[in-house]
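Visitor: missing the sequence, but the structure's below:
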């Protein structure tokens, strides 16, 4: 992806008068990248990253790791806008999070994560979603338009030219709230705690469920990396969660594709559509029926041209 030149944000300048967005490319695993080009006094880019398609209920609930559930068995899990996060940013990312979280809430979104990277120049990546786990391109555009002026005014990174990326959580998403873990039951995840639990901080395994609620909630995890002398079933307090995200597996991709297909069929179905088993109306023979009438041919006779 080639980005245009970015100049430092200046809080004294008014926000850009207009925004234009267009799809730029589609990378591996269905990641759609949409770039927002800013006009006016500054030149910059805002890009949207999508990894897969999520349905209304997010990821389906799987009771076992070997066999997937049918969509009808998956309960619909919808969170709230004010549901607290267990993973909180630090440093400049925390300043950005404090500025944009209330603005996202006003638009009906909730913050998932703020990450600042400098591998290919300073990039501020903001992940957001609706309480039901969905996030569309139009939602990202709306969120970007809302938080852009706030960041330009407050200038959380003074004197630094950066690129702002507004994105959905994606398939292998970070897990930061209780509802994230509930939607991901039966899937594989990597967990990192802030302090030692069972003589270790890092865990990898299948999410079995969540006990309790609020700050007393605890994650039930069946470890897949447990040695023979250690417990495979562990309970980890989410209040001490450092980082967690889903592992991209075939089962996870299938669930996402199935949810995306169901959401697409629901959105494309017209109102008052006739049932599939309805008999199609019969068509008349048409005005060329007489010309197409079959002429009997005697055995051994030649058909006239």
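Guide: Received it, and whenever you're ready, just let me know what you need. Values in this document were obtained by computation on a predicted structure and should not be read as measured data.

Visitor: any chance you could map the strands in the stretch 201-305 of the chain?
Guide: 218-223, 233-237, 241-246 (DSSP state E, counting those that start in this stretch).

Visitor: between these, which gets nearest to residue 155?
Guide: strand 241-246 (27.9 Å; CB to CB). For glycine as for every other residue, the C-beta is placed from the backbone atoms N, C-alpha and C.

Visitor: How about the closest one, which residues are buried there?
Guide: Within strand 241-246, the residues that count as buried by 16 or more other CB atoms under 10 Å are 241, 243, 244, 245, 246.

Visitor: With adjacent residues omitted, what lies nearest to the third one?
Guide: The one in question is residue 244. Nearest residue to residue 244, sequence neighbours excluded (CB to CB, 6 or more residues apart in numbering): residue 175, at 4.1 Å.

Visitor: swap in the first one?
Guide: Excluding the flanking residues, the one nearest residue 241 by CB to CB, 6+ apart is residue 86, at 4.4 Å.

Visitor: What is the neighbour count of that neighbour?
Guide: Residue crowding around residue 86 was assessed by other CB atoms under 10 Å; the count is 21.

Visitor: pLDDT score for it?
Guide: On the pLDDT scale, residue 86 is placed at 96.

Visitor: out of the strands of the stretch 201-305 of the chain, which comes closest to residue 180?
Guide: That would be strand 241-246 among the strands of the stretch 201-305 of the chain, by CB to CB, at 8.1 Å.

Visitor: Quickly find the element holding the closest residue to residue 248 other than its chain neighbours.
Guide: For residue 248, ignoring the flanking residues on the chain, the nearest one in space by CB to CB, 6+ apart is residue 172 at 4.3 Å. Using DSSP states H and E, residue 172 falls within no helix or strand.

Visitor: Could you check how many residues crowd around residue 172?
Guide: 20.

Visitor: With the one 10 residues further on instead?
Guide: A total of 18 residues lie near residue 182 under the criterion other CB under 10 Å.

Visitor: before we move on, what about residue 160?
Guide: Count around residue 160 with other CB under 10 Å applied: 15.

Visitor: Isn't it up against residue 122?
Guide: Yes. Here residue 160 reaches residue 122: they are 5.5 Å apart, a contact under CB atoms under 8 Å.

Visitor: Quick check: the gap between residue 100 and residue 106.
Guide: 11 Å (CB to CB, to the nearest Å).

Visitor: For these two, indicate the residue with more neighbours.
Guide: residue 100 (25 against 9).

Visitor: For the more buried one, which residues are in contact?
Guide: Going by CB atoms under 8 Å, 6 or more residues apart in numbering, residue 100 touches 111, 114, 126, 147, 150, 151.

Visitor: quick revisit: residue contacts, the residue nearest to residue 241?
Guide: Residue 86 sits in contact with 176, 177, 238, 239, 241, where contact means CB under 8 Å, 6+ apart.

Visitor: same check, this time on residue 106
Guide: residue 146.

Visitor: now do 10 Å
Guide: The neighbours of residue 106, taking CB atoms under 10 Å, 6 or more residues apart in numbering as the test, are 81, 146.

Visitor: what does residue 130 give?
Guide: 54, 56, 78, 79, 81, 107, 108, 109, 110, 136, 139, 168.

Visitor: I'd like to know which of those residues are buried.
Guide: Buried among the contacts of residue 130 by 16+ other CB under 10 Å: 54, 79, 109, 110, 139, 168.
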